[in-house]
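> what shape does this take:
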Amino acid sequence: MSEDVVAAEWWGRRRLKYNMGLIVAGVLAFVCYVVVFELKIVPKDSKTEITLFTTAFQGLGYLVMVGIANACYSLGSLVERLVRPTNPLRFRKISYTLHPRSMVFVEAMPGPLLFRLMSGAPEASALRKRRVPLSPAEGPQGKC
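Numbers count the residues shown, from 1 in each chain. A predicted model of the protein is given here:
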């Protein structure tokens, strides 16, 4: 039982670093959202704005996702208890080393998305021009 406590304590001491990475990723993603919104949406529709409600709604959604991410983080100590590795310290170091590498990916994700959106991603108005048949009578004739 003491090994379980040690595992939970070891993973728990590193949770703050994990959560700080999630916060950084969330802030970067929101900044990218605001930049794209101001440069791509507002010039076409000046009545559209980011409101306190939309910001709070997105923040609440992000907190839910941080909770899910923390549940997944908790799997580290759970897997360790189930697997019972012969060298727990080595197992922890290898498992936790995967964390920063995945966090770099998560934190860097807004960059390519921002680039793609700014370089001419299809906009809503362009997507609306494509007309999808609503009934079989409007669609192509014949059997599929």
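> what's the helix or strand for Val79?
helix 75-83 (DSSP states H and E).
> shouldn't Asn19 be in contact with Gly67?
No. At 10.6 Å, Asn19 does not count as touching Gly67 under the criterion of C-beta atoms under 8 Å. Every residue, glycine included, has its C-beta placed from N, CA and C.
> between those two, which one's more packed in?
Counted by other C-beta atoms under 10 Å, Asn19 and Gly67 do not tie: Asn19 has more neighbours, with 14 against 10.
> what's near enough to touch that one?
66, 70 (C-beta atoms under 8 Å, 6 or more residues apart in numbering).
> quick check: it vs Phe53, distance?
26 Å (C-beta to C-beta, to the nearest Å).
> can you check Ala29 too?
In terms of C-beta to C-beta, Ala29 sits 19 Å off from Phe53.
> in terms of neighbours, single out the busier of the two.
Counted by other C-beta under 10 Å, Ala29 and Phe53 do not tie: Ala29 has more neighbours, with 19 against 8.
> and the more buried one, how far is that from Leu22?
10 Å.
> what mean pLDDT would you report for the host helix or strand of Ile94?
Following DSSP H and E, one finds Ile94 within helix 88-108. For helix 88-108, mean pLDDT rounds to 71.
> helices along the chain, start to end?
2-13, 15-36, 52-73, 75-83, 88-108, 110-118, 124-128 (DSSP state H).
> mean pLDDT lowest for which of the ones you listed?
Across these, the lowest-scoring stretch is helix 124-128, with a mean of 51.
> I'd say Arg92 and Val83 touch.
No. Counting by C-beta under 8 Å, Arg92 stays clear of Val83, with 11.3 Å between them.
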